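Visitor: sequence unavailable; structure follows:
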């Protein structure tokens, strides 16, 4: 399998004398994987993923993206490979029309006009924004601005796409849109990293989860195995989805059950 | 019988800048000390509903109001925002929109409201100490709120409203930005305040907490209250949830799956604890 992200003994702090936010992290991610990064606020999730597009550089250790050490690459180079969708869309959006915002990235990457048009149209369609593309981003409510932020990153067609809490503040319908976007990206073979507190969402889309606590990896395993590890979950106060918790009350139902259908099939197969 | 602390009567609000959006609440009475959950899709009017309890509607928004909203028997339109703010505390979605910015650090930010209401210093210090302890903000007490993470900022915003101990606490998706641990702390805290007799209006998408804690749920859509009922009544009603673009709890889905297969004809539940009990009773072989 192709290794697209490799993190080796990564340490980071925001200031020289400050406490370390990341305290020696190592793992790798293969091309095409969907990985959830979970943990409480302040555990270092966002700090970690900001290393993947060079927004942050290690103070110790290395981050290798697609074979390139981020220490030796410019952000502009790295952003061809890695797209990072900010948690707060307002930290990201700055153009005065949605179309301009979504076209900005691919234009910057000097793609051909034809390719830009295709990518932008696809991104707008996937996020359900085609009909409002000529509006100002700030004429749309916050939860729709989150979709604009997503569209303007996926239009860059990078190999790695990072979603930082894509479902916070989203209602059911928008959450379904985000789930659908990630499924579509997976089909295209993209590598996807999702930071989320929404365990049902993680269960629906991720195969693997990395649990962070205080700048260290507590657990890195399949989503099922992570949800079955009561000790680690308790120490991070994370709760598996409802259906998983119910499954864990029954001897005859697998503790790593992730969906209603899986639960039902174990009762009547 | 407990008195009604919030009463909406033939209430209509038409925003001045949006002819298409109207809030219409014909008749709603909320008893003192109740814990009310409010759910609905984006644009349902949940925030406007919160605003009309706080008096932000009609006092700070442009538009036309008909009918009345009474808080503790006093009509909001005949009262002032500063009077209302002693009775109602409003906590918003975005912690930053709530920060006064007046305080240099977390402690001063929390003190701001108390200072405005003229509390004596010794009492103020005691209250601030208590709330900082309750929210586990001690290590941040002397940092600027703007240096904190989103979750910690929301804690500060909530703490600075809760420290005033208003009779009615209105929370508009306060945990949207919070991690599971902080979310749990906020819900537990609000439950504690409710037990002390505070009336709670809690807008949230986190149905599992609402199901556990609320006396009643208001389901809003298109500016009105579509349905009022017990949490289980609402969260097990699949057609109602679907029609109003709301997610179906996984446990409700499981009972629905069992029903479709002809294995279940009793009432549904949306709670893990009840589901465990129901299934163990009905299907002893599963234990």
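Guide: Received the coordinates, thanks. All values derive from a computational prediction rather than experimental measurement.

Visitor: tell me the phi and psi of residue B:229?
Guide: phi -170, psi 180 (degrees, to the nearest 10).

Visitor: my guess is it meets residue B:211, correct?
Guide: No. The criterion here is C-beta atoms under 8 Å, and residue B:229 misses it with residue B:211 at 11.8 Å. Every residue, glycine included, has its C-beta placed from N, CA and C.

Visitor: could you check which of those two is surrounded by more residues?
Guide: residue B:211 (24 against 14; other C-beta atoms under 10 Å in any protein chain shown).

Visitor: how about the more buried one, secondary structure?
Guide: helix (DSSP: H, G, I helix; E, B strand; the rest coil).

Visitor: hang on, isn't it packed against residue B:232?
Guide: Yes. Taking C-beta under 8 Å as the definition, residue B:211 is a contact partner of residue B:232 at 7.0 Å.

Visitor: what sits in contact with each of the two?
Guide: B:270, B:271 (C-beta atoms under 8 Å, 6 or more residues apart in numbering or on different chains).

Visitor: for the residue lying closest to residue B:47 once chain neighbours are set aside, give its distance to chain A.
Guide: Distances taken as C-beta to C-beta, 6 or more residues apart in numbering or on different chains place residue B:172 nearest to residue B:47, at 5.5 Å, with adjacent residues excluded. With distances taken as C-beta to the nearest C-beta, to the nearest Å, residue B:172 is found 11 Å from chain A.

Visitor: just checking, residue B:172 touches residue B:53?
Guide: No. In this structure residue B:172 lies outside contact range of residue B:53 using C-beta under 8 Å: 10.4 Å.

Visitor: overlap in contacts, the two.
Guide: With C-beta under 8 Å, 6+ apart as the test, residue B:172 and residue B:53 both reach residue B:90.

Visitor: so which bits of stretch B:138-152 are buried?
Guide: Within stretch B:138-152, the residues scored as buried using 16 or more other C-beta atoms under 10 Å in any protein chain shown are B:140, B:141, B:143, B:145, B:148, B:149, B:150, B:151, B:152.

Visitor: contact partners for the closest residue in space to residue A:199 that isn't next to it in sequence?
Guide: Nearest non-adjacent residue to residue A:199, counting by C-beta to C-beta, 6+ apart: residue A:241, 5.2 Å away. For residue A:241, the contact set (C-beta under 8 Å, 6+ apart) comprises A:199, A:200, A:203, A:227, A:258, B:250.

Visitor: so which of the residues you listed comes closest to residue A:100?
Guide: Relative to residue A:100, the closest of the contacts of residue A:241 is residue A:200; by C-beta to C-beta it sits at 34.8 Å.

Visitor: in the chain, where is pLDDT below threshold?
Guide: This is for chain A. A:1 (pLDDT under 70).

Visitor: if you could check chain B rather than the one you did, that'd help
Guide: Using pLDDT under 70, the flagged stretches of chain B are B:1, B:101-103, B:150.

Visitor: helices along that one, start to end?
Guide: B:46-54, B:56-59, B:81-87, B:106-116, B:121-134, B:150-162, B:180-195, B:207-213, B:231-235, B:238-243, B:250-260, B:272-282 (DSSP state H).

Visitor: do the stretch 151-269 of chain A as well
Guide: A:172-187, A:199-205, A:223-228, A:230-236, A:242-247, A:260-267 (DSSP state H, counting those that start in this stretch).

Visitor: nearest to residue A:109, of the ones you listed?
Guide: Of the helices of the stretch 151-269 of chain A, nearest to residue A:109 by C-beta to C-beta is helix A:172-187, at 17.6 Å.

Visitor: now residue B:214: closest residue in space, sequence neighbours ignored.
Guide: Counting by C-beta to C-beta, 6+ apart, the residue nearest residue B:214 is residue B:37, at 3.9 Å.

Visitor: now swap in residue B:181 and tell me
Guide: Once flanking residues are discounted, residue B:181 sits nearest to residue A:237: 4.1 Å by C-beta to C-beta, 6+ apart.

Visitor: and the residue nearest the centre of chain A, what does it touch?
Guide: Closest residue to the average C-alpha location of chain A: residue A:194 at 2.3 Å, with C-alpha atoms, centre = their mean. Residues near residue A:194 by C-beta under 8 Å, 6+ apart: A:34, A:35, A:36, A:37, A:162, A:163, A:166, A:182, A:201, A:202, A:205, A:206.

Visitor: any idea how far the fifth one is from residue A:122?
Guide: By that I understand residue A:162. 19 Å (C-beta to C-beta, to the nearest Å).

Visitor: same question for the first one.
Guide: Plainly put, residue A:34 is 19 Å away from residue A:122 if you go by C-beta to C-beta.

Visitor: how about the residues of the stretch 101-250 of chain A by chain B?
Guide: A:141, A:143, A:168-169, A:171-175, A:197, A:199-200, A:237-239, A:241-243, A:245-246, A:249-250 (C-beta under 8 Å from any C-beta of the partner chain).

Visitor: using neighbour counts, trim the residues you listed to the buried set.
Guide: Buried, going by 16+ other C-beta under 10 Å: A:143, A:168-169, A:171-172, A:174-175, A:197, A:199-200, A:237-239, A:241-243, A:245-246, A:249-250, out of those.

Visitor: how about residue B:17, nearest residue that isn't a chain neighbour?
Guide: residue B:62 is the one closest to residue B:17 (C-beta to C-beta, 6+ apart), at 6.7 Å.

Visitor: ramachandran coordinates for the residue nearest to residue A:199?
Guide: Residue torsions, per degrees, to the nearest 10, at residue A:241 are phi -60, psi 160.

Visitor: and residue B:206, what is it in contact with?
Guide: B:175, B:183, B:187.

Visitor: pretty sure the last one contacts residue B:211?
Guide: Read that as residue B:187. No. Counting by C-beta under 8 Å, residue B:187 stays clear of residue B:211, with 11.4 Å between them.

Visitor: just list whatever residues bridge to the nearest residue to residue B:4 once chain neighbours are set aside.
Guide: Once flanking residues are discounted, residue B:4 sits nearest to residue B:29: 4.4 Å by C-beta to C-beta, 6+ apart. Beta bridges link residue B:29 to residue B:7, judged by DSSP bridges.

Visitor: you'd agree residue B:28 is up against residue B:5?
Guide: No. Under the criterion of C-beta under 8 Å, residue B:28 makes no contact with residue B:5, lying 11.7 Å away.
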